[in-house]
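Visitor: All I have is the shape, not the residue letters:
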């Protein structure tokens, strides 16, 4: 077989009623570094598929009195992304066509050689890796965030980045701490990309964004009929992130009722889907983030102490932007280049007065607020260099954000409050909920204040 780039190991299920085939196939795959489970019949295959996530299955066409073709839909129902290769000593065109129709991805007649098996597995691994890359790219396009460059002139930030790179290769749980908008999710994604799990999925759950009654299903999955509206099985984010990383954003908002179940997964790597009693296993690294003091939440009884200690194996606290003013100009320049490309503009940078205003400002919304300000400037600026006239009023020299009680119109207070809430939230829906108004009203306020 031609030389091919090294790919991550796969979790593989073998279903064949011939013991010699099972042993030979398992040995061939294990020497390539894959994790293999071999069974002799359909019930055992379904039991294994219900307990752990597989990426590839070799299924014999004849399993004693059972038909291997009938097993294919059941396996795919349990694991929709599973690739199935049918193996048989009774190869015909009709059975090959029927296998593909039922969801198989390949068909290999017996007897087969190790080279045939390795090539088939390589094709599946390449396809799976491509699917994950496409999913990640689509997610990135949906977010449309600036390219992240972790170069920093701040000694404190350099220490944080050095620690993040040091712990990335390990499988230890990481807790990212810091104010909203400091870049906890971005750094978590970077740690995943620096780890041995980089080729596997990076899943994200924002705990405040998912209704409490649905969060368990989102995390662990559910079976059909588990609750009203559960018309099909849902594998859950843990299963989808098999072999990779799952990031739990704003973990302090995880309901108390769900915290023991997450603790169990962290301790034993076991969980159950909603509506099911069958324990499942998963190989997933957990990272979490919080913008509140979890020690206070523990003292107030809002967060379990044992879960906090399980999450806090490695703690990485990201400093707010106001504590690293030396990074503001460089960050703003990179963001301006990014938003310039999106808006089909070419900027030469900021005027000196604009840079001074950016450095002077306190950035209560941190990097997220800076990104919003630069995006606005890239849209409003009419020259090739961004000046003060393209900034919100609070950033201009001689002007400061009004405070409650200052002799200013109430609209000025409202404008600054809306700006800061928008800078500290991830969507208009979340901002409207914080402000206590509907999205239509928020849209009118943004139009009124030019936000």
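Guide: That came through fine. Keep in mind that this is a model prediction, so the values were computed, not measured. Numbering: from 1, shown residues only.
Visitor: mind checking the SS state of the residue sitting nearest the centre point of the chain?
Guide: Nearest to the geometric centre of the chain sits residue 203, at 2.6 Å (CA atoms, centre = their mean). Following DSSP: H, G, I helix; E, B strand; the rest coil, residue 203 is assigned to strand.
Visitor: mind listing what the residue lying closest to it once chain neighbours are set aside touches?
Guide: Using CB to CB, 6 or more residues apart in numbering and skipping the chain neighbours, the partner closest in space to residue 203 is residue 241 (3.9 Å). In this view, the C-beta of every residue, glycine as well, is placed from N, C-alpha and C. When contacts are counted by CB atoms under 8 Å, 6 or more residues apart in numbering, residue 241 touches 200-203, 282, 284.
Visitor: what's the farthest-apart pair in those?
Guide: Greatest spatial distance among the contacts of residue 241 (CB to CB): 202 and 282, at 14.7 Å.
Visitor: neighbour count winner among the two?
Guide: residue 202 (23 against 20; other CB atoms under 10 Å).
Visitor: If the more buried one is in a bridge, with which residues?
Guide: residue 245 (DSSP bridges).
Visitor: cool, residue 290 as well?
Guide: According to DSSP bridges, beta-bridge pairing links residue 290 with residue 177.
Visitor: correct me, but it touches residue 247?
Guide: No: if you go by CB atoms under 8 Å, residue 290 and residue 247 don't touch, sitting 12.0 Å apart.
Visitor: Specify which member of the contacts of residue 241 is nearest to residue 59.
Guide: residue 282 (22.4 Å).
Visitor: Chain neighbours aside, what residue packs nearest to the closest one?
Guide: residue 238 (5.0 Å).
Visitor: try residue 217
Guide: That would be residue 274: by CB to CB, 6+ apart, it lies 5.0 Å from residue 217.
Visitor: wait, isn't the one you found in contact with residue 219?
Guide: No: assessed by CB under 8 Å, residue 274 is found out of contact with residue 219, at 9.5 Å.
Visitor: between the two, which one's more packed in?
Guide: Counting neighbours by other CB under 10 Å for residue 274 and for residue 219 shows that residue 219 has the greater number, 24 against 18.
Visitor: what helix or strand is the more buried one on?
Guide: helix 212-220 (DSSP states H and E).
Visitor: What ranges does the stretch 351-451 of the chain have for its helices?
Guide: 352-360, 366-380, 410-424, 428-435, 439-449 (DSSP state H, counting those that start in this stretch).
Visitor: Determine which stretch of these is the most buried.
Guide: Ranked by mean neighbour count, those are led by helix 366-380 with a mean of 20 (mean count of other CB atoms under 10 Å).
Visitor: what mean pLDDT would you report for it?
Guide: Confidence over helix 366-380 (mean pLDDT, whole number) is 91.
Visitor: So, low pLDDT: which residues of the stretch 151-300 of the chain?
Guide: Along the stretch 151-300 of the chain, no part satisfies pLDDT under 70.
Visitor: 90 instead?
Guide: By pLDDT under 90, the low-scoring segments of the stretch 151-300 of the chain are 151-156, 158, 180-181, 183, 198-201, 208-214, 222-235, 240, 275-278.
Visitor: Need the three-state assignment for residue 71.
Guide: Per three-state DSSP, residue 71 ends up helix.
Visitor: what's the answer for the one 3 residues further on, then?
Guide: The assignment at residue 74 comes out as helix when based on three-state DSSP.
Visitor: residues in contact with the closest residue to it other than its chain neighbours?
Guide: In space, and not counting its chain neighbours, residue 74 is closest to residue 46: 5.8 Å by CB to CB, 6+ apart. Contacts of residue 46 were listed using CB under 8 Å, 6+ apart, and they are 71, 74-75, 78.
Visitor: how about a markdown table for these, with pLDDT, neighbour count and distance to residue 26 added?
Guide: Output for the contacts of residue 46, formatted as a markdown table (pLDDT from 0 to 100; neighbours: other CB atoms under 10 Å; distance: CB to CB, whole Å):
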| residue | pLDDT | neighbour count | distance to residue 26 |
| --- | --- | --- | --- |
| 71 | 90 | 25 | 18 |
| 74 | 87 | 12 | 22 |
| 75 | 89 | 23 | 18 |
| 78 | 75 | 20 | 21 |
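Visitor: is it true that residue 181 touches residue 369?
Guide: Yes: if you go by CB under 8 Å, residue 181 and residue 369 touch, sitting 6.0 Å apart.
Visitor: surely residue 73 meets residue 103?
Guide: Yes: contact criterion CB under 8 Å: residue 73 and residue 103 qualify, at 6.4 Å.
Visitor: Name the residue in these two with the higher neighbour count.
Guide: Shown here are residue 73 and residue 103; by other CB under 10 Å, residue 103 has more neighbours (16 against 12).
Visitor: my read is the more buried one is in a helix, agree?
Guide: No: using three-state DSSP, the secondary structure at residue 103 is coil, not a helix.
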